[in-house]
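Enquirer: starting from these lines, generate the structure:
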Amino acid sequence: MAMNMSVKALIDETFNTFDDVLTQHDFKPRLIEIGEVTYVGRGNARVNGLPNVQSEELLQFPNHVLGLALNLDIDEVGVVLLDHSDQLTVGDEVRRTHRLLDVPVGESLIGRVIDPVGRPLDGHGPVSAADRRPYEREPASIMNRAPVTVPLQTGFKVIDALIPVGRGQRELILGDRQTGKTAIAIDTIINQRNKNVVCVYCAIGQRNTAVAKVIDDLRKYGALEYTAVVVAESDAPPGLQFVAPYAATTLGEYFMDQGRDVLVVYDDLTSHARAYRELSLLLRRPPGREAFPGDIFYLHSRLLERSTHLRDSMGGGSLTALPIAETEAQNLSAYIPTNLISITDGQIYLSPQLFQKGILPAVDVGRSVSRVGGKTQLPAYRAVAGDLRLSYAQFEELEAFSRFSSRLDKETLATLERGRRVREIFKQSQYQPLSVPEQISILLTMAAGVFDTTDISQIRGAEQIVQNIIVDEFPDVSEDILEGQIFSEEDQRAIIQSACDLIQALK
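Expert: Numbering: from 1, shown residues only. Got it, this is the predicted structure:
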């Protein structure tokens, strides 16, 4: 009898617990909208039965396939697939997620290789993110922006001296295939070591072997410690290539909002435009010039407008963009290059002729420009390389003209000889970026004519000797240069005299 009473009490207590749980739980009906796939193609699908879907909403297909609603037609929805469509068939269910596409952000992404959705590609386990943010957002308003005044050193003498890049700037790198565009971007990332700059490298439509080599180079030179890599290789669906640069920018904006400086490399936006053209044609959007859709300019402008330097009241962070674009047969007036040139704050043009001559980096100074200009340069650069850009461009024109003449006066010959030495000094091997004091040492001695009597075959050796003079013999001057101070004429004369003595000893 006692046993029966204890069992009854236990049952009553259990029911009372259930009643309390049911009373406290708030049952609310949840609407699940399910549509049906009516068409599956390469990288796209069409769906009906989702009348309330929003533009750019994330859709869930079977087998964990994701899609992005891009076309909202009357009878159906055009969907861009973010995964391969091999596992989808007509009649499959598709569900709304009621959220926009977002990507993981946070410190844990540094050193990782992910796809634009945030899935790991490096085999180091799942990504643990501090937050997730939409892949697109409005750029900072004009009132929240500050002037671009702080330099972003690339480590290349010819760029830092003649075509300076500032933190918060958008500097386009363009040229024909195999002229060294990616090499400049990767060396710039390597040069940010110990400069408190977070880097994001975004590969769009690149070969797997090329992306693997870039990642290996970043790891080899210690740059992966402060770099996140977002990859949508050539084998990836075009939808994934389409969202890749926006996802990389969102990742960079997370650090910019914390007041940090960020560098984002888009490699390259020509492949990005082609992927968007493919998607647009598959979604039956009307083609325009070169079959690109009419909003191709807006595609890149809304991306690059997110690069900026924020005011101090907004944290003071910056996001610098180095988009890469490919030209065909040096045609700068092609559709996509022209669009990007008009959006960005300048361009670094790489000439195939210079590349074939072994003049690396093959920067065509006459066609390259930085619209921010010397405002982002340290005062030491302006002191030693103020008129160098103009004189170097004049030398190139004079050299081309002198080929048609056999008789030249002494002054012209001297100008040509000095210009050839300047060009030799501007040559720089890959993975060997130079610090600011090292560049100033070389530029100062070059402007003073120290190399004028040196044979061209010995220029590289003399340059190696000169580049460490400030660091080794004038450490105080080196620190003043890095702090943005102008070094005195007395210091300049001392550095030049030391360089002359070392070069004389070399001879």
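Enquirer: for residue 485, grab the count of nearby residues.
Expert: 13 (other CB atoms under 10 Å). From N, CA and C alone the C-beta is placed, and that goes for glycine too.
Enquirer: so it sits in a helix?
Expert: No - under DSSP: H, G, I helix; E, B strand; the rest coil, residue 485 falls outside any helix and is assigned coil.
Enquirer: contacting residues for it?
Expert: By CB atoms under 8 Å, 6 or more residues apart in numbering, residue 485 lies in contact with residue 379.
Enquirer: secondary structure class for residue 69?
Expert: Applying three-state DSSP: residue 69 is strand.
Enquirer: that one: how many residues sit nearby?
Expert: 22.
Enquirer: from residue 93, how far off is it?
Expert: Noted for residue 69: a distance of 15 Å to residue 93, by CB to CB, to the nearest Å.
Enquirer: next one: residue 297
Expert: 37 Å.
Enquirer: likewise for residue 205?
Expert: Taking CB to CB, one finds residue 205 at 31 Å from residue 93.
Enquirer: more crowded one of those two?
Expert: residue 205 (21 against 13).
Enquirer: quick one: contacts for the nearest residue to that one once chain neighbours are set aside?
Expert: Nearest residue to residue 205 in three dimensions, chain neighbours excluded: residue 271, at 3.0 Å (CB to CB, 6 or more residues apart in numbering). By CB under 8 Å, 6+ apart, the contact list for residue 271 reads 204, 205, 206, 234, 241, 326.
Enquirer: show me these that map onto helices.
Expert: If you go by DSSP state H, those have residue 241 in helices.
Enquirer: now the contacts of residue 271: which count as buried?
Expert: 204, 205, 206, 241, 326 (16 or more other CB atoms under 10 Å).
Enquirer: what sits closest to the last one if chain neighbours are left out?
Expert: In space, not counting the residues next to it along the chain, residue 326 is nearest to residue 270; the distance is 4.3 Å by CB to CB, 6+ apart.
Enquirer: got it, and the fourth one?
Expert: Nearest residue to residue 241, sequence neighbours excluded (CB to CB, 6+ apart): residue 275, at 3.9 Å.
Enquirer: residue 267 reaches residue 186, doesn't it?
Expert: No - taking contacts as CB atoms under 8 Å, residue 267 lies outside contact range of residue 186: 9.0 Å.
Enquirer: what's the overlap in contacts for those two?
Expert: Joint contacts of residue 267 and residue 186 (CB under 8 Å, 6+ apart) are residue 201.
Enquirer: between those two, who's got more neighbours?
Expert: Using other CB under 10 Å as the criterion, residue 267 and residue 186 rank with residue 267 on top: 26 against 23.
Enquirer: what helix or strand is the closest residue to the more buried one other than its chain neighbours on?
Expert: Leaving aside its sequence neighbours, residue 267 sits nearest to residue 324 (CB to CB, 6+ apart; 4.8 Å). Assessed by DSSP states H and E, residue 324 sits inside strand 318-326.
Enquirer: just after the lowest-mean-pLDDT helix or strand in the chain, pick out the following helix or strand.
Expert: Scoring the helices and strands of the chain by mean pLDDT, DSSP states H and E places helix 2-24 at the bottom, with a mean of 60. Tracing the chain past helix 2-24, the next element assigned as helix or strand by DSSP H and E is strand 34-40.
Enquirer: doesn't residue 209 make contact with residue 234?
Expert: No - look at residue 234 against residue 209 with CB under 8 Å: they stay out of range, at 10.3 Å.
Enquirer: kindly state the beta-bridge partners for the one residue sitting closest to the centre of the chain.
Expert: Centrality entry for the chain: nearest residue to the mean C-alpha point is residue 265, 1.2 Å, by CA atoms, centre = their mean. Assessed by DSSP bridges, residue 265 has beta-bridge partners residue 201, residue 322.
Enquirer: right, and it touches residue 185 too?
Expert: Yes - the pair formed by residue 265 and residue 185 meets the contact definition of CB under 8 Å, at 4.5 Å.
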